[in-house]
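In: need a 3D model of the following:
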Amino acid sequence: MKKIILIINLLIINYLLFAQIPPGYYDGTEGLSGDELKSALNDIIDGHTELSYTGVWNALRDTDEDPDNINNVILLYTGWSVSNSGYPTWNREHTWAKSHGDFGNNPPCGTDVHHIRPTDVQVNGDRGNLDFDYSDNPYPTIPGCFYDGNSWEPRDEVKGDVARMIFYMATRYEGEDGELDLVVVDEVNTYPNPEHGKLSALLEWNTMDPPSEFEETRNDRIYDNWQGNRNPFVDHPEFADLIWEITSTQSEYFTENNHNLSNYPNPFSKNSTGTQISFSLPQYSQNVQVEIYNIKGQIVRELEIRNLKLGINKAIWDGTDMNNRKVRSGIYMINLKIDSKNAGTKKCLVIY
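Out: Purely as a prediction, here's the structure:
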């Protein structure tokens, strides 16, 4: 198993959204993956109408307008609705930190509204040029937001927004015509290189936080009113998994599944009774373990399997860790071990 792909779930999500994708916009991408898909998307979205940095103010008043108050904008990291008057109420946040490649406020990278969002001035300064990854240090004024010396973790409601903006930048800017070649990598501390991370976290966020109606509307307005191009990963979140390979951290735990390892429901809510894990034993063994790993490859839970038998065996994971605390939303790996050897791995998505 080489890629994390939730194509079925994501296609269902896409049908439920309201994106106004122009007919034929993504023609030529069918059946592609990897660099071929990335190159095809670049051909579709490059050459957009460039704005001045001053013009970005007006664009953001439109693209990030509060649907309940046309005189306000919604701030990215906090979710606050504030006056659209601009600075010092809010600032223009480069989600792909402009020091990662040193493009400043200059077009096209520095004025591309697909990755520029209104943010609180203080929060904008504190995020600085940090890469995106999980952290355990709560940010004092934003519930659900975390940060440390090398990474910034936004609240769950916009994790996917952040991921899709980073994926857009890495696809739109490929080093053509004197532009920067921006690359998303599975690392942090990437400054000052034209790189941004962390890929494994961003792929997970793209899956766990699918595009909202607000994000879809924003994409439509950028296309219709300002730049004439779209963010493909808002229209088709599954493109991200088709382009970027599973990370080495994850792939270490993926093995051939020869024991019909599965779980249902998947995804499941951590507030539910859990997910039922089943697997088959073609021959009897007393040494069977089911382990749950997080996206970083850290073990979260070991399940006790009772009354082992030939044929189908079952266990329940209730979404808690070793200390019986509910885990955070995200992707987890269910790993089956038989006689101390990896016998199968299954991906599981836990959501609120």
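
In: going forward, measure contacts between C-alpha atoms and count neighbours the same way
Out: OK.

In: pLDDT below threshold where in the chain?
Out: With pLDDT under 70 as the threshold, the chain has low-confidence stretches at 1-19, 245-257, 270, 352.

In: excluding chain neighbours, what is closest to the residue located most distally from the centre of it?
Out: For the chain, the largest distance from the centre (Cα atoms, centre = their mean) belongs to Y284, which lies 40.8 Å off. Leaving aside its chain neighbours, Y284 sits nearest to L310 (5.7 Å; criterion: Cα to Cα, 6 or more residues apart in numbering).

In: over to S52?
Out: Among residues not flanking S52 along the chain, T111 sits closest, at 6.4 Å (Cα to Cα, 6+ apart).

In: quick revisit: can you tell me the SS state at the residue farthest from the centre of the chain?
Out: Using DSSP: H, G, I helix; E, B strand; the rest coil, the secondary structure recorded for Y284 is coil.

In: look up phi and psi at it.
Out: Y284 has phi and psi values of phi -70, psi 140 when expressed as degrees, to the nearest 10.

In: from N342, how far off is it?
Out: Separation of Y284 from N342 (Cα to Cα, to the nearest Å) stands at 16 Å.

In: residue boundaries of the strands in the stretch 101-250 of the chain?
Out: Here the stretch 101-250 of the chain has its strands, by DSSP state E, counting those that start in this stretch, at 116-119, 131-132, 146-147, 151-153, 183-184, 195-196.

In: next one: the longest helix seen in the chain to chain centre, how far?
Out: Taking DSSP state H as the assignment, the helix of the chain that covers the most residues is helix 156-172. Its chain's average C-alpha position is 6 Å from that of helix 156-172, according to Cα atoms, centre = their mean, to the nearest Å.

In: could you dump it to CSV, C-alpha only?
Out: Taking Å, rounded to 0.1, in the frame of the first residue of the first chain, the C-alpha atoms of helix 156-172 are listed here in CSV:
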residue,chain,number,x,y,z
ASP,A,156,-9.2,21.8,13.4
GLU,A,157,-11.7,23.9,11.5
VAL,A,158,-9.1,25.3,9.2
LYS,A,159,-6.4,22.6,9.1
GLY,A,160,-7.6,21.4,5.7
ASP,A,161,-7.7,25.0,4.4
VAL,A,162,-4.1,25.5,5.3
ALA,A,163,-3.0,22.2,3.7
ARG,A,164,-4.8,23.0,0.5
MET,A,165,-3.2,26.4,0.3
ILE,A,166,0.2,24.9,0.7
PHE,A,167,-0.5,22.2,-1.9
TYR,A,168,-1.7,25.0,-4.3
MET,A,169,1.5,27.0,-4.0
ALA,A,170,3.7,23.9,-4.5
THR,A,171,1.7,23.1,-7.7
ARG,A,172,1.3,26.6,-9.1
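
In: what helices or strands is it leaning on?
Out: With contacts defined as 3 or more Cα pairs under 8 Å, 6 or more residues apart in numbering; DSSP states H and E, helix 156-172 has these neighbours: helix 34-45, strand 183-184, helix 199-208, helix 232-235.

In: right, and the residue nearest to Y284 touches H259 too?
Out: No - using Cα atoms under 8 Å, L310 and H259 do not qualify as a contacting pair, with a distance of 11.5 Å.

In: can you check which residues contact both of the two?
Out: Common contact partners of L310 and H259 (Cα atoms under 8 Å, 6 or more residues apart in numbering): 280-282.

In: re earlier: residues contacting the residue nearest to Y284?
Out: For L310, the residues meeting the contact criterion (Cα under 8 Å, 6+ apart) are 280-284.

In: now render those residues as CSV, adding distance to S83.
Out: Converted to CSV, the contacts of L310 look like this (distance: Cα to Cα, whole Å):
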residue, distance to S83
S280, 59
L281, 62
P282, 65
Q283, 67
Y284, 67
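
In: among those, which ones are buried?
Out: Burial of the contacts of L310 was assessed by neighbour count (16 or more other Cα atoms under 10 Å); the buried members are 280-281.

In: now for the longest strand along the chain, which elements pack on it?
Out: If each strand of the chain is counted by residues according to DSSP state E, the longest one is strand 341-351. Using 3+ Cα pairs under 8 Å, 6+ apart as the contact criterion, the neighbours of strand 341-351 among helices and strands are helix 199-208, strand 262-264, strand 268-269, strand 330-338.
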